[in-house]
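Student: okay, here's the prediction I keep looking at, along with the sequence it came from:
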Amino acid sequence: MTCCGHCRDAGDFFNERTARRELKRYLRRGPDKPTRLLIEQIRKPGAAGKTLLDIGGGIGAIQFELFEDDLSRSVNVDASTAYQSVSKEEAAQRDLREKTEYHFGDFTDLAASLPESGIVTLDKVICCYPDARKLLEFSLQKSRQLYGLVYPRVNWYTKIGFKLVNLWFRIRRSEFRTYLHSPAMVDGLIRKSGFQKRSYQTTVLWQVVVYERG
Ligand SMILES: C[S@@+](CC[C@H](N)C(=O)[O-])C[C@H]1O[C@@H](n2cnc3c(N)ncnc32)[C@H](O)[C@@H]1O
């Protein structure tokens, strides 16, 4: 990521211990609920023969699941080296290394050099990034068909929860922060880019939205 305190301290948060714990959990129980809902909705039009750009892809659960459906290729962009190396190991384990491409860094810095894809996903990513507008605008340009997003609901308990989480980061002297971005801003920007909402689901914390280029 570009060198700011937020991004540097994000690397401390998304570290190897967390990545290994998440991979272990994924291998035991499959994707967590919001990711599972997102994948189910992407599966409806189908992933076979398509390409995936997973921004902030973490350990790579979305790509591993969609390869079961004959996804043709996946590009994983993440600002955490720890998550990427754990994901690469798992891709090699599954004999998928040749079909997976990994780019380390802040997506907004790398966007110009990345290919367009049939499917673009941002699963719990915009809540880790201060400039959601930029992240959305750059990523929308990369989607030819489907655009899938998981981001926090905005209500009284997420407002309190995010304040407490950020207080915890402040106490630990970390500059990393989490963000509740306005759903109206997010939805408006995506529609303005020529997408229509295909599905909308919620869990206690998250909204899971899939858009299709109209
Ligand atoms: C909460 S994790 C989610 C990981 C995965 N998508 C999941 O749902 O399990 C957020 C991830 O987004 C990455 N991230 C945040 N902002 C990013 C950016 N601007 N460019 C690339 N990756 C980013 C972080 O490094 C982290 O791996």
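Tutor: The structure has been received and is ready for your questions.

Student: going by C-alpha atoms from here, please, whenever you check contacts or count neighbours.
Tutor: Fine.

Student: so is the closest residue in space to E101 that isn't next to it in sequence in a helix, a strand, or just coil?
Tutor: By the measure of C-alpha to C-alpha, 6 or more residues apart in numbering, the closest residue to E101 outside its immediate chain neighbours is V75, 4.7 Å from it. Of the three states, V75 takes strand under DSSP: H, G, I helix; E, B strand; the rest coil.

Student: neighbours of V75, just the number please.
Tutor: Look at V75: counted by other C-alpha atoms under 10 Å, it has 23 neighbours.

Student: strand partners (parallel or antiparallel) of the biggest strand by length in the chain?
Tutor: When the chain is scanned for its longest strand (criterion: DSSP state E), the result is strand 143-152. Based on DSSP bridges, the strands next to strand 143-152 in the sheet, each with its direction, are strand 117-123 (parallel), strand 206-213 (antiparallel).

Student: tell me the mean pLDDT over it?
Tutor: Looking at strand 143-152 alone, the average pLDDT works out to 98.

Student: what's the pLDDT at the residue located most distally from the centre of the chain?
Tutor: Residue distances from the centre of the chain (C-alpha atoms, centre = their mean) peak at I171, which lies 26.7 Å from the mean C-alpha position. Confidence at I171, expressed as pLDDT, is 94.

Student: against the ligand, how distant is it?
Tutor: I171 sits 20 Å away from the ligand, taking C-alpha to the nearest ligand atom, to the nearest Å as the criterion.

Student: contact residues of this structure facing the ligand?
Tutor: 14, 55-58, 77-80, 105-108, 123-125, 128-129 (C-alpha under 6 Å from any ligand atom).

Student: in strands only, show me the residues you listed.
Tutor: Mapping the residues of the chain next to the ligand onto strands (DSSP E) picks out I55, V77, D78, D123.

Student: now, of these, which are buried?
Tutor: When neighbours are counted using 16 or more other C-alpha atoms under 10 Å, those contain these buried positions: I55, V77, D78, D123.

Student: and the residues you listed, which is closest to Q141?
Tutor: The shortest separation between Q141 and any of these is 13.0 Å, and it belongs to I55 (by C-alpha to C-alpha).

Student: just to revisit the earlier point, restricting to C-alpha, output the helix or strand just after the longest strand of the chain in PDB.
Tutor: Using DSSP states H and E, the helix or strand that follows strand 143-152 towards the C-terminus is helix 156-171. Output in PDB follows, covering the C-alpha atoms of helix 156-171 (Å, rounded to 0.1, in the frame of the first residue of the first chain):
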ATOM      1  CA  TRP A 156     -27.200   2.000  15.800                       C
ATOM      2  CA  TYR A 157     -25.300  -1.100  16.800                       C
ATOM      3  CA  THR A 158     -22.700  -1.000  14.000                       C
ATOM      4  CA  LYS A 159     -22.200   2.700  14.700                       C
ATOM      5  CA  ILE A 160     -21.400   1.900  18.400                       C
ATOM      6  CA  GLY A 161     -19.400  -1.300  17.400                       C
ATOM      7  CA  PHE A 162     -17.200   0.500  14.900                       C
ATOM      8  CA  LYS A 163     -16.600   3.400  17.400                       C
ATOM      9  CA  LEU A 164     -15.500   0.800  20.000                       C
ATOM     10  CA  VAL A 165     -13.300  -1.000  17.500                       C
ATOM     11  CA  ASN A 166     -11.600   2.300  16.500                       C
ATOM     12  CA  LEU A 167     -11.100   3.200  20.100                       C
ATOM     13  CA  TRP A 168      -9.400  -0.200  20.600                       C
ATOM     14  CA  PHE A 169      -7.000   0.700  17.700                       C
ATOM     15  CA  ARG A 170      -6.400   4.100  19.100                       C
ATOM     16  CA  ILE A 171      -5.500   2.700  22.500                       C
END
